[in-house]
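Student: model this:
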Amino acid sequence: MDGINPLVSSGSISKARGDIEKQKNDFAIRYYNQLKNSNRVNIVNKMVESSNLSHSTVSEALEHILDNKYLLWDFEAFEERMMNFYPHYDMAQSFQRLCLGCPKESDILMLQHESLESYYMNKLKMDYNEAHERANLKFNYQEASGNGKNW
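Tutor: Below you'll find the predicted structure:
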């Protein structure tokens with residue numbers, strides 16, 4: 001990749017470039033794909049180091065968000081289907097800061113939330129809405145990041 005670290009190079013979001021929501025969505029899709037296609041061991045190690053969380057917490061959170069498929073609402077097909085989570089801009093930014101070694105407190109909370117949500121969904125067989133709400137009781141990333149809307 002011409003010596004450019006794909007986890008650092010992300011492009012800018014600017015009103016001058018057009019539709020900001022589309023730019024955010026495109027960034028999230030691009031960044032999730034970069035994470036999926038990167039060496040997972042290296043990514044996990046970087047996030048463990050920057051977050052001071054356990055290897056299992058970080059691994060479970062990444063697997064939950066990037067790899068696992070669940071019965072979720074598909075906004076494009078307007079129906080429930082087995083799928084990965086939609087890439088989310090705020091979470092992509094959190095992942096990026098964690099990879100770069102400069103996380104915010106909310107980024108660490110996001111990993112904890114996603115790991116717990118994964119436990120609820122995969123081990124306790126809760127649906128997404130219940131697992132998400134239960135994980136929010138302990139680790140409310142949405143509130144901490146200033147983004148109150150559901151993803």
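
Student: going forward, measure contacts and count neighbours with C-alpha atoms only.
Tutor: Will do.

Student: Following the chain past the helix or strand Gln23 falls within, name the next helix or strand.
Tutor: Under the criterion of DSSP states H and E, Gln23 resides in helix 20-37. Going down the chain from helix 20-37, the next helix or strand is helix 40-51, by DSSP H and E.

Student: Could you figure out how far that following helix is turned away from helix 20-37?
Tutor: 120 degrees (axes from the mean of the first three to the mean of the last three C-alpha atoms, to 10 degrees).

Student: Residues in contact with helix 40-51: which ones?
Tutor: With C-alpha atoms under 8 Å, 6 or more residues apart in numbering as the test, helix 40-51 has contacts from Leu35, Ser54, His55, Val58, Ser59, Leu98, Cys99, Leu100, Gly101, Cys102, Pro103, Ile108.

Student: picking up where we left off before, avg pLDDT for the helix holding Gln23?
Tutor: Averaged over helix 20-37, pLDDT sits at 95.

Student: Buried residues, that helix. List them.
Tutor: By 16 or more other C-alpha atoms under 10 Å, the buried positions in helix 20-37 come out as Gln23, Lys24, Asn25, Phe27, Ala28, Ile29, Arg30, Tyr31, Tyr32, Leu35.

Student: Which members of those residues are the farthest-apart pair?
Tutor: Based on C-alpha to C-alpha, the longest span within the buried residues of helix 20-37 runs between Gln23 and Leu35 and measures 18.2 Å.
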